[in-house]
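In: I'll drop the sequence and a predicted model, then ask my questions.
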Amino acid sequence: MRNRLDALPPVTPKLSALGIPLELICENLLRGILITDVAGKIVYVNSTFCELTGYAVSEAIGQNPRILKSGFQPPSFYQDMWKSIKRMGHWQGEIRNKRKTGELYTEWLTISTLRTAAGHGPYYLGVFSDISKQKKIEEATWHRAHHDELTELPTRSLFTAHLKQALTQAKRNKTILAVFFMDLDHLKEVNDGLGHLAGDELLRGVARRIRSSIREGDIVARFGGDEFVLMLPNISRHADIVGTASKILTSLRRPFWFNGKRINGTVSLGISVYPDDGWCVEKLISHADSAMYLAKQGGRDQLRFFLSPANPHRPTTFSKALKRWENTANPDRPTDLSLLTGEHPPIVSVSERSIPRTPTRGDRAPRVIGPPGRTQERGHRLFRRR
């Protein structure tokens, strides 16, 4: 049932017996009120409206409510709002508007259609309250629930939600998506030798370096303990996966320091790739985890690609990508894979096929890569014993 409005401001029949003018009620209501005519011009605002928006009565009357528009909502938002008002006579929801000063604020707004007893109108009544403080509390609570307290990285639940969404986009756009599973190589030794404060500082430092090595749209999360997981969406070239992995491993080979003590922050890194290694969140994470575990068994501070039975020749594909990346990033370095030994990480599949590393000036002695080892059963382990 639509509200009735005989005049503005009137005394309604039910209130007339009490002698309470409607305007007195509006002025003492702790909600902002504005009324527009059928042309969309503001014909009435109350004092709370002025307090919340910063506009004086004389500045608001005759204006369109667009003076409050923040640009935060897309045009489709307003189209849906007015469809509801036209169809049902009212709308209610959350909206971000702008004060006269330009400050954005969040309000809870109810819009109702009004007509006079004589059938004049319609008028549109907007009643709103500023919920900015409540929103900040809600957002802070949500952030704490979905982000690691120590590193401020997303938690497993938030990461998997993003990964699920990214997979949907990858399927639609026919793009590649990669998942990195990283495990710190020496966190236990740091905690035992220097204490948990040092271990915490190492975890924060590793998180910062990983974030500085990835693109803006990539998402890195801490799954707990010494495990970090990274998602690379919208990948068009295998070289991008290799390049990101190389940046991360190279960055983490630089020492960390705690109270004058040098700390090793290297990781073992496993990679799975959509669509070759799985079409769902669980498979991609599990396969990257399995590849990471083999990287740790193979000597740590290196990466392994999961070798899908559907693409047994993929290590060659990635070795070529590494070679192209090396040529682009360091054109003076040797490109013959038989000469590559040194700083950059090996491209190794779960079957232990290896590509040597690239030398850099002053690098430590080349790592010796052993013969292929036992291939672990894939796709069934998400958690493992240390």
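Out: Yep, that arrived. Residues are numbered from 1 along each chain as shown.

In: So which residues of this protein form helices?
Out: 13-16, 22-28, 47-53, 57-60, 75-88, 132-146, 156-173, 187-194, 196-212, 238-253, 281-297, 314-329 (DSSP state H).

In: of all the ones you listed, which gets the most neighbours per residue?
Out: Counting by mean count of other C-beta atoms under 10 Å, helix 281-297 has the highest mean neighbour count of those, with a mean of 23. (Glycine included, C-beta is placed from N, CA and C.)

In: so how far is it off the chain centroid?
Out: Put simply, helix 281-297 sits 23 Å off its chain's centre (C-alpha atoms, centre = their mean, to the nearest Å).

In: for stretch 144-162, same thing?
Out: Computed by C-alpha atoms, centre = their mean, the chain-centroid distance of stretch 144-162 equals 9 Å.

In: Could the C-alpha coordinates of it be exported in PDB?
Out: Only the C-alpha atoms of stretch 144-162 are listed here, as PDB (Å, rounded to 0.1, in the frame of the first residue of the first chain):
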ATOM      1  CA  ARG A 144      40.500 -10.100  10.100                       C
ATOM      2  CA  ALA A 145      38.500 -13.200   9.300                       C
ATOM      3  CA  HIS A 146      39.900 -13.600   5.800                       C
ATOM      4  CA  HIS A 147      43.500 -12.400   6.200                       C
ATOM      5  CA  ASP A 148      46.500 -13.800   8.000                       C
ATOM      6  CA  GLU A 149      47.200 -11.700  11.100                       C
ATOM      7  CA  LEU A 150      51.000 -12.000  10.800                       C
ATOM      8  CA  THR A 151      51.500 -11.300   7.100                       C
ATOM      9  CA  GLU A 152      48.200  -9.600   6.100                       C
ATOM     10  CA  LEU A 153      47.900 -12.100   3.200                       C
ATOM     11  CA  PRO A 154      44.600 -13.700   2.300                       C
ATOM     12  CA  THR A 155      43.800 -17.000   4.100                       C
ATOM     13  CA  ARG A 156      43.000 -20.300   2.400                       C
ATOM     14  CA  SER A 157      39.200 -19.600   2.300                       C
ATOM     15  CA  LEU A 158      39.600 -16.300   0.500                       C
ATOM     16  CA  PHE A 159      42.300 -17.600  -1.800                       C
ATOM     17  CA  THR A 160      40.200 -20.600  -2.900                       C
ATOM     18  CA  ALA A 161      37.200 -18.300  -3.500                       C
ATOM     19  CA  HIS A 162      39.400 -16.100  -5.800                       C
END
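
In: among the helices of the chain, which is nearest residue 225?
Out: Residue 225 sits nearest to helix 187-194 of all those, at 7.7 Å, using C-beta to C-beta.

In: for the helices of the chain, which one sits closest to residue 307?
Out: Closest approach to residue 307 among the helices of the chain is made by helix 314-329 (6.7 Å; C-beta to C-beta).

In: Tell me where the model's unsure across this protein.
Out: Scanning the chain for pLDDT under 70 picks out 1-19, 119, 308-386.

In: Can you check which strand is longest in it?
Out: Criterion DSSP state E: the longest strand present in the chain is strand 104-115.

In: Format the helices of the chain as TSV; extra columns: distance to residue 41.
Out: Formatted as TSV, those follow (distance: least, C-beta to C-beta, whole Å):
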stretch	distance to residue 41
helix 13-16	27
helix 22-28	18
helix 47-53	15
helix 57-60	10
helix 75-88	16
helix 132-146	27
helix 156-173	42
helix 187-194	65
helix 196-212	50
helix 238-253	54
helix 281-297	52
helix 314-329	61
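
In: Could you report the neighbour count for residue 96?
Out: 16 (other C-beta atoms under 10 Å).

In: how far away is it from residue 203?
Out: For residue 96, the distance to residue 203 equals 36 Å [C-beta to C-beta, to the nearest Å].

In: Residue 105: which of the helices of the chain is closest?
Out: helix 132-146 (4.7 Å).

In: Who are the packing partners of that closest one?
Out: strand 104-115 (3 or more C-beta pairs under 8 Å, 6 or more residues apart in numbering; DSSP states H and E).

In: quick one, which of the helices of the chain is nearest to residue 272?
Out: Each of these has some distance to residue 272 by C-beta to C-beta; the shortest is helix 281-297, at 3.9 Å.

In: can you give me the angle that closest one makes with helix 156-173?
Out: Angle of helix 281-297 versus helix 156-173, following axes from the mean of the first three to the mean of the last three C-alpha atoms, to 10 degrees, is 110 degrees.

In: Give me the helices and strands touching helix 281-297, please.
Out: Short answer (3+ C-beta pairs under 8 Å, 6+ apart): helix 281-297 packs on helix 156-173, strand 176-184, strand 267-274, strand 303-305.
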